[in-house]
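*Asks:* Sequence first, predicted coordinates after that:
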Amino acid sequence: EVQLQASGGGLVQAGGSLRLSCVASGFSFGDYAVGWSRQAPGKEREGVLCIASDDEKTYYDESVKGRFTISRDNAKNTVYLHMNNLKPEDTAVYYCNTENQGRDYWGKGTQVTVSS
């Protein structure tokens, strides 16, 4: 069974940093892309960043370029979202996801709150 578990969220002041982790299981992790999305209060979920199996990175949200990066550790079945210079508008629930055999899998989100 494919499972994803996001963690690492919290409350941080504007300008601060956080590192989110997404631990995956139930599939050949190194062969698949994993992405991060977020859902702000009152808004739809939107893609942020994705890392492919070959480490190619895709930004879906221009507002995080230069502040957020993504990395993966295949030995630990983990993808990280490194968030720097956080802004109040980054406040959201962050989710990791992967597509496996035509189906999307989502982990439970982790709350990130950035205070001004």
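*Replies:* Nice, I can see it.

*Asks:* My understanding was that residue 14 contacts residue 113; is that so?
*Replies:* No: if you go by Cβ atoms under 8 Å, residue 14 and residue 113 don't touch, sitting 10.9 Å apart. C-betas here are computed from N, CA, C, even on glycine.

*Asks:* Now the spatially most central residue of the chain. Its backbone dihedrals?
*Replies:* With distances taken as Cα atoms, centre = their mean, the residue of the chain nearest its centroid is residue 36 (2.9 Å). Note on residue 36: its backbone torsions stand at phi -120, psi 140 [degrees, to the nearest 10].

*Asks:* what is it paired to in the beta sheet?
*Replies:* residue 49, residue 96 (DSSP bridges).

*Asks:* What separation do you get for it and residue 104?
*Replies:* Residue 36 is 14 Å from residue 104, where distance means Cβ to Cβ, to the nearest Å.

*Asks:* list the residues that contact both of the two?
*Replies:* Contact criterion Cβ atoms under 8 Å, 6 or more residues apart in numbering; residues shared by residue 36 and residue 104: residue 97.

*Asks:* Is the residue nearest to the centre of the chain in contact with residue 46, as I believe?
*Replies:* No: contact criterion Cβ under 8 Å: residue 36 and residue 46 do not qualify, at 10.3 Å.
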